[in-house]
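>>> quick one: sequence and predicted model below, then my questions.
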Amino acid sequence: TPYALQSLERGIDTYIEKPVAVDLAQLAALVAAARRSKARVFAGYNRPFAAAIRTLREEMSIDRGKGLTLQCFVSGHAIAPDHWYRRPGEGTRVCGNIGHWLDLFTHLLAWRGLPDRLEIALTVADPAEPDDNLAIAISSDRGDLFSVVLSSRTEPFEGINETINVQHNDTIAKIDDFRRLTLWQGERLVQRRFWPKDVGHSGAIGQPFGGAMQRDWDEVVQSTQLMLHIADMVRSGARLSAFSFRENAARLAREIEAL
């Protein structure tokens, strides 16, 4: 974040790798700088740019009155006790890794319109490592359901491996490690293969250069607020918590006013 602030203050278009901030003070400073600057700002969350997610958006009919279910099982990197992800100033592994899937959840919800209130449950395998081998479950006041399991008990052969399931309206979809998409709508079947594996890197990095898809920065800010809330749960040992997008937006506004 400090590097991004310097870049924006100089009017330079700025691409920020994830996470864009690791605490609320950083996020407030970043949002304020982006508003003052004539430069554009982009985030390195790439899953929304993946071909499977873009295809899902094209094929899925959105019903604003119905909830969305997103389930992610992530086989993550096995990291050492002294890995930089674990440093207090890095925001826990929630910011280093799980922010990707919280951002994807926010992105999919935004297709229909974000809910306000979320109920969050956190389960960890080892209290001594509360940000590793954990499960997060979220329900919303609009009937949405989200879960992500990060398991890092062994090192995946080709890096992170992901299995993602989605249900909304008449659509059931499964994404196998961003190599294959299978989508059912009643008797209709859609299948896509992606080679090489496409998790959206090129689309995300291409944003400053006029890429086909441009991410809504406000959406990234909202997903970051959710991520920071869950990182705070990990730090404090909380297992249940409530989150409001509206209340956290007001809190962020107060932080910006106080700068």
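Yep, it's here. Numbers count the residues shown, from 1 in each chain.

>>> CA atoms for contacts and neighbours, from now on please.
Will do.

>>> now for stretch 35-54, what's the gap between its first and last residues?
Stretch 35-54 stretches 28 Å from its first residue to its last (C-alpha to C-alpha, to the nearest Å).

>>> in that stretch, what's buried?
37, 39, 41-53 (16 or more other C-alpha atoms under 10 Å).

>>> now do the strands in the stretch 51-200 of the chain.
Secondary structure of the stretch 51-200 of the chain by DSSP state E, counting those that start in this stretch: the strands cover 68-75, 117-124, 134-140, 145-151, 161-168, 171-176, 180-185, 188-193.

>>> residues in contact with stretch 218-237?
19-24, 27, 31, 43, 91-92, 94-95, 98-99, 102-103, 106-107, 110, 130-131, 239, 241, 243, 245, 248-249 (C-alpha atoms under 8 Å, 6 or more residues apart in numbering).

>>> show me what counts as buried in it.
So, applying 16+ other C-alpha under 10 Å, buried residues of stretch 218-237: 220-234.

>>> circling back: for Ile256, find the nearest of the strands of the stretch 51-200 of the chain.
strand 117-124 (22.5 Å; C-alpha to C-alpha).

>>> look up how far Asp170 lies from the residue with the largest distance to the centre of the chain.
Distance from the C-alpha centroid of the chain, by C-alpha atoms, centre = their mean, peaks at Glu187 (31.4 Å). Distance check for Glu187 against Asp170: by C-alpha to C-alpha, it reads 10 Å.

>>> next one: Gln71
In terms of C-alpha to C-alpha, Gln71 sits 17 Å off from Asp170.

>>> the two: who's more crowded?
Gln71 (19 against 12; other C-alpha atoms under 10 Å).

>>> tell me the contacts of the more buried one?
146-148, 164-166.

>>> ok, now His168?
60, 62-63, 66-69.

>>> pretty sure Ile12 sits against Phe42.
No - with contact defined as C-alpha atoms under 8 Å, Ile12 does not count as touching Phe42 (11.5 Å).

>>> surely Leu150 meets Ala78?
No - taking contacts as C-alpha under 8 Å, Leu150 lies outside contact range of Ala78: 10.6 Å.

>>> out of the two, which sits in the busier spot?
Using other C-alpha under 10 Å, the more surrounded residue of Leu150 and Ala78 is Leu150, with 24 against 17.

>>> would you mind measuring from that one to Lys38?
Taken as C-alpha to C-alpha, the span from Leu150 to Lys38 is 38 Å.

>>> check Leu27 too.
Relative to Lys38, and taking C-alpha to C-alpha, Leu27 is found at 18 Å.

>>> wait, what's in contact with the spatially most central residue of the chain?
The residue lying closest to the centre of the chain (C-alpha atoms, centre = their mean) is Asp103, at 1.7 Å. For Asp103, the contacting residues are 45, 220, 223-224, by C-alpha under 8 Å, 6+ apart.

>>> brilliant, that's me finished.
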